[in-house]
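Chemist: Just to be clear, the model below is a prediction. Sequence and coordinates:
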Amino acid sequence: MNVTITPGLLAGAITPPPSKSQAHRLLIAAALGTGESHIENLAHSQDIDATLRCMAALKAPGDGLPELDCGESGSTLRFLIPVALALRGGGKFTGHGRLMERPQEPYFAIFREKGISYEQRDGVLTVRGRLSPGDYTLPGDVSSQFVTGLLYALPLLEGDSRILLTTPLESRGYIDMTLDALEQFGVKAAYDGDRAFQVPGNQSYRPRDLTIEADWSNAAFWYAAQFVGCDLEIGGLNAFSAQGDMRIVPYFVKLQGKGPVDLDVSQCPDLVPPLAAMAALRGGEITRIVNAARLRIKESDRLTAVTQVLNALGGRVEEHEDHLVIHGMDHLAGNVTVSGHNDHRIAMMAAIAAIRCQGPVTITGAECVKKSYPDFWEDYRSLGGRYTCDT
Ligand SMILES: O=C(O)C1=C[C@@H](OP(=O)(O)O)[C@@H](O)[C@H](O)C1
Ligand SMILES: C=C(OP(=O)(O)O)C(=O)O
């Protein structure tokens with residue numbers, strides 16, 4: 001689907017969709033539960049549908065390894081690899097887009113050490129073996145999703161385990177969300193705040209009735225719209241949330257100030273596309289988005305995609321190995337077609353930057369927003385955004 005936007009300011013009240021990260025966590029814990037749980041405020045984004053489908057496959061009776069189609073969801077794949085080992089002695093994992101090329105080496109290193117077999121061939125990752133209680137050592141700065149996967153699976157084992165990080169933890173907010181979700185389901189895991197987690201074994205997930213919070217990661221796009229001049233009332237968010245992407249609020253305030261600004265995104269990588277849209281429209285000011293190397297291993301190489309899209313719109317972005325330098329302008333030229341890079345956050349960034357373009361902007365593959373925000377285009381229109389679609 002191509003969307004062509006006629007630039008113009010948005011206005012009105014908006015509630016962001018339910019948090020994808022929290023939804024993954026609550027659904028997996030609920031499915032592992034010893035009874036019936038009720039999870040309210042679920043949106044059928046593609047990633048959440050992937051987790052629902054995979055949990056159903058893991059729990060379906062049957063012999064042999066379950067087949068788990070993780071779609072394009074890194075969270076689903078990395079959370080469920082250890083869970084599948086604990087529940088079913090492994091699984092056959094498939095994915096789409098870039099998913100199966102995204103790194104799994106921290107798990108593979110553990111599997112080699114522990115005698116768990118793994119093989120990735122023709123796009124299928126087959127993992128087979130038994131998880132045993134003990135020490136699990138891995139880096140903390142490739143993806144926090146490996147730690148989350150272990151935190152879900154290790155409590156189910158018959159003895160105590162530890163997770164030991166060899167490098168500092170990045171994306172820490174996501175681990176806080178994981179620990180928060182585990183606690184809600186009565187599962188204990190202690191984090192020393194640095195490099196070690198203690199995870200007692202022989203635990204079970206108690207059933208719970210919970211409501212998924214509104215998503216701070218996607219709210220960030222509406223904050224970016226606000227920043228570029230829209231009059232929005234962004235509602236429904238939990239100001240005391242465990243979601244690390246709440247950091248959009250202090251970063252928004254920082255960007256409103258004059259002078260050069262450095263934003264460290266090591267703990268909030270998903271904020272980079274909306275932050276970059278804001279920075280591109282920070283007239284006459286320079287913004288550096290630093291500690292962003294892991295952006296290259298998301299749905300797209302997001303450092304390249306952000307740079308290409310904003311520069312095509314008429315912005316001035318310099319791409320570096322692990323950071324971006326953005327020279328803010330008052331307006332962008334637009335009058336161009338840009339690719340959504342099959343990446344929801346890149347398509348949404350383009351839609352927000354288009355608000356302050358002088359000519360129309362066409363975004364190709366704009367349906368990719370469905371990965372996390374299925375109603376994004378409807379919400380954009382409900383706020384007065386003008387666009388046409390061709391499929
Ligand atoms: O645990 C999660 O829900 C997520 C963790 C983050 O990944 P990394 O830990 O790989 O940075 C984030 O980018 C992703 O969108 C969601
Ligand atoms: C990177 C993302 O998700 P995942 O890693 O789960 O694919 C994202 O939603 O931006």
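Modeler: Right, received. Where do you want to start? Ligands and ions are numbered 1, 2, ... in the order given.
Chemist: Low-confidence bits of the stretch 1-150 of the chain, can you list those?
Modeler: Along the stretch 1-150 of the chain, no part satisfies pLDDT under 70.
Chemist: for ligand 2, what are the nearby residues on it?
Modeler: 47, 73-75 (C-beta under 6 Å from any ligand atom). For glycine as for every other residue, the C-beta is placed from the backbone atoms N, C-alpha and C.
Chemist: hmm, 8 Å instead?
Modeler: Counting by C-beta under 8 Å from any ligand atom, the residues of the stretch 1-150 of the chain lying close to ligand 2 are 20-21, 24, 47, 72-76, 78, 99, 102, 143, 145.
Chemist: got a list of what residue 181 touches?
Modeler: Neighbouring residues of residue 181 by C-beta atoms under 8 Å, 6 or more residues apart in numbering: 22, 25-26, 29.
Chemist: Against residue 28, how distant is it?
Modeler: Applying C-beta to C-beta, to the nearest Å, the value for residue 181 to residue 28 is 8 Å.
Chemist: Nearest to residue 258 among the residues of the stretch 1-150 of the chain next to ligand 2?
Modeler: residue 21 (33.6 Å; C-beta to C-beta).
Chemist: from what I can see the closest one touches residue 178, true?
Modeler: No - with contacts counted by C-beta atoms under 8 Å, residue 21 stays clear of residue 178, the gap being 9.1 Å.
Chemist: Okay, domains of this protein per the record?
Modeler: Using automatic domain parsing, the domain parsing of the chain gives 2-17+214-390, 20-211.
Chemist: Out of the ones you listed, which one sits most buried?
Modeler: Of all the domains of the chain, domain 2-17+214-390 carries the top mean neighbour count, a mean of 20, counting by mean count of other C-beta atoms under 10 Å.
Chemist: is any part of that one close to ligand 1?
Modeler: Yes - counting by C-beta under 8 Å from any ligand atom, ligand 1 has neighbours in domain 2-17+214-390: 217, 269-270, 294, 297-298.
Chemist: Which ones among the residues you listed also lie next to ligand 2?
Modeler: 217, 269-270, 298.
Chemist: nearest to residue 119, of those?
Modeler: Residue 119 lies nearest to residue 298 out of these, by C-beta to C-beta, at 24.9 Å.
Chemist: and that closest one, what does it touch?
Modeler: Applying C-beta under 8 Å, 6+ apart, the residues near residue 298 are 74, 102, 269, 343, 345.
Chemist: Tell me which residues touch the third one, please.
Modeler: For residue 269, the contacting residues are 171, 292, 294-295, 298, 302, taking C-beta under 8 Å, 6+ apart as the criterion.
Chemist: roughly how far apart are it and residue 230?
Modeler: Distance from residue 269 to residue 230, by C-beta to C-beta: 25 Å.
Chemist: got it, and the first one?
Modeler: Shown here: residue 74 relative to residue 230, a distance of 31 Å by C-beta to C-beta.
Chemist: Most proximal residue of the chain with respect to ligand 2?
Modeler: residue 74 (2.8 Å; C-beta to the nearest ligand atom).
Chemist: wait, that residue sits on residue 103?
Modeler: No - at 9.5 Å, residue 74 and residue 103 do not qualify as touching, with contact defined as C-beta under 8 Å.
Chemist: Common neighbours of the two, please.
Modeler: residue 143.
Chemist: All the helices of the stretch 51-200 of the chain, in order from the start?
Modeler: For the stretch 51-200 of the chain, helices defined by DSSP state H, counting those that start in this stretch occupy the ranges 74-88, 105-114, 145-153, 172-184.
Chemist: all helices for the stretch 201-350 of the chain, in order.
Modeler: Using DSSP H, counting those that start in this stretch, helices in the stretch 201-350 of the chain cover 216-227, 248-256, 272-280, 302-312, 344-353.
Chemist: For residue 116, which of the ones you listed is the nearest?
Modeler: Judged by C-beta to C-beta, the one of the helices of the stretch 201-350 of the chain that comes nearest to residue 116 is helix 302-312, at 31.1 Å.
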